[in-house]
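1. A structural model of the following input is requested.
(chains A and B)
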Amino acid sequence: DAGVTQSPTHLIKTRGQHVTLRCSPISGHKSVSWYQQVLGQGPQFIFQYYEKEERGRGNFPDRFSARQFPNYSSELNVNALLLGDSALYLCASSLAYSYEQYFGPGTRLTVT
Amino acid sequence: GQNIDQPTEMTATEGAIVQINCTYQTSGFNGLFWYQQHAGEAPTFLSYNVLDGLEEKGRFSSFLSRSKGYSYLLLKELQMKDSASYLCAVRQSGGYQKVTFGIGTKLQVIP
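-> Here you go, the predicted structure:
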């Protein structure tokens, strides 16, 4: 079975730009969560979606938004990029929101 | 809010046993995860404990005590490839889901 997939793998953007990151969960999984991981830190929770509804939100500004589609894939959008947004963005999927979650390979975002 | 503490670094010898501790404080608890993360890679799921007790999966075991806000990951018969960061994460209970990760414990396995 295919695992969690994310695209793109790497991305370079300029300050002030907008970015969209994509995630496809494991087949049958209905919950997707997004995390930001900066070097030397553990992942920081951004959002969780289950059945296309937001079920959790971390302490991130409104520049960060997400949505989940009917096929359970998800997008993370970040507006007005700042240098501090440079990080590894991880997507994790689970059967439902109280089950174990599995991570995708991540998208490495660099903001210059 | 949530607070998770785990040692920053540990060193152990190949073939030995190592225990990585994690303590947490949370307003509502709905499970604790352990992940392994090699440098530059995504975290790999190791275990998920919801109830008290020990769960064993091959060379890896995870223990949880909800009353003490304490968990540990036990790695047996250490191999060089076990050198990685080990992340402890707690899921908050309630309809609004949030998972908080610790900073991770960087384990170095030496010959």
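2. okay, now the sheet partners of the helix or strand bottoming out on mean pLDDT in chain B, with direction.
-> Ranked by mean pLDDT, DSSP states H and E, the weakest helix or strand in chain B is strand B:2-5, scoring a mean of 87. Applying DSSP bridges, strand B:2-5 is found paired with strand B:18-26 (antiparallel).
3. tell me the angle of the helix or strand that comes right after the strand it pairs with relative to strand B:18-26?
-> Next in sequence after strand B:18-26, counting helices and strands by DSSP states H and E, comes strand B:32-37. Counting by axes from the mean of the first three to the mean of the last three CA atoms, to 10 degrees, strand B:32-37 points 130 degrees away from the direction of strand B:18-26.
4. sorry, back to before: quick check: buried residues in the least confident helix or strand of chain B?
-> In terms of neighbour count (16 or more other CB atoms under 10 Å in any protein chain shown), strand B:2-5 has its buried residues at B:2, B:4. C-beta: built from backbone N, CA, C; applies to glycine.
5. so how far is it from its chain's centroid?
-> Averaging C-alpha positions (CA atoms, centre = their mean, to the nearest Å) puts strand B:2-5 12 Å from its chain's average.
6. for stretch B:33-52, measure first residue to last.
-> Counting by CA to CA, to the nearest Å, you get 13 Å between the two ends of stretch B:33-52.
7. next, the buried residues of that stretch.
-> For stretch B:33-52, by 16+ other CB under 10 Å, it's B:33-37, B:42-43, B:46-49.
8. touching the least confident helix or strand of chain B from outside, list them.
-> Under the contact criterion CB atoms under 8 Å, 6 or more residues apart in numbering or on different chains, strand B:2-5 has outside partners B:22-27, B:88-90, B:92, B:98, B:100-103.
9. ok, then the element right after it?
-> Strand B:2-5 is succeeded, C-terminally, by strand B:9-13 (DSSP H and E).
10. packing partners of that following strand?
-> Packing partners of strand B:9-13 (3 or more CB pairs under 8 Å, 6 or more residues apart in numbering or on different chains; DSSP states H and E): strand B:18-26, strand B:105-110.
11. where's residue A:49 relative to chain B, distance?
-> 10 Å (CB to the nearest CB, to the nearest Å).
12. and that residue, what element?
-> strand A:44-50.
13. direction included, what does that strand pair against?
-> Strand A:44-50 pairs in its sheet with strand A:31-37 (antiparallel), strand A:53-57 (antiparallel), by DSSP bridges.
14. do the helix or strand harbouring residue A:76 and chain B meet?
-> For residue A:76, the host element (DSSP H and E) is strand A:74-78. No. Using CB under 8 Å from any CB of the partner chain, we find that strand A:74-78 stays clear of chain B, coming within 14.4 Å at best.
15. please name every helix or strand in contact with that strand.
-> Strand A:74-78 packs on strand A:19-24, strand A:31-37, strand A:44-50, strand A:64-68, strand A:87-94, going by 3+ CB pairs under 8 Å, 6+ apart.
16. JSON lines please, covering those and showing mean pLDDT and mean neighbour count.
-> Formatted as JSON lines, these follow (pLDDT from 0 to 100; neighbours: other CB atoms under 10 Å in any protein chain shown):
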{"stretch": "strand A:19-24", "mean pLDDT": "98", "mean neighbour count": "19"}
{"stretch": "strand A:31-37", "mean pLDDT": "95", "mean neighbour count": "26"}
{"stretch": "strand A:44-50", "mean pLDDT": "92", "mean neighbour count": "23"}
{"stretch": "strand A:64-68", "mean pLDDT": "97", "mean neighbour count": "18"}
{"stretch": "strand A:87-94", "mean pLDDT": "95", "mean neighbour count": "24"}
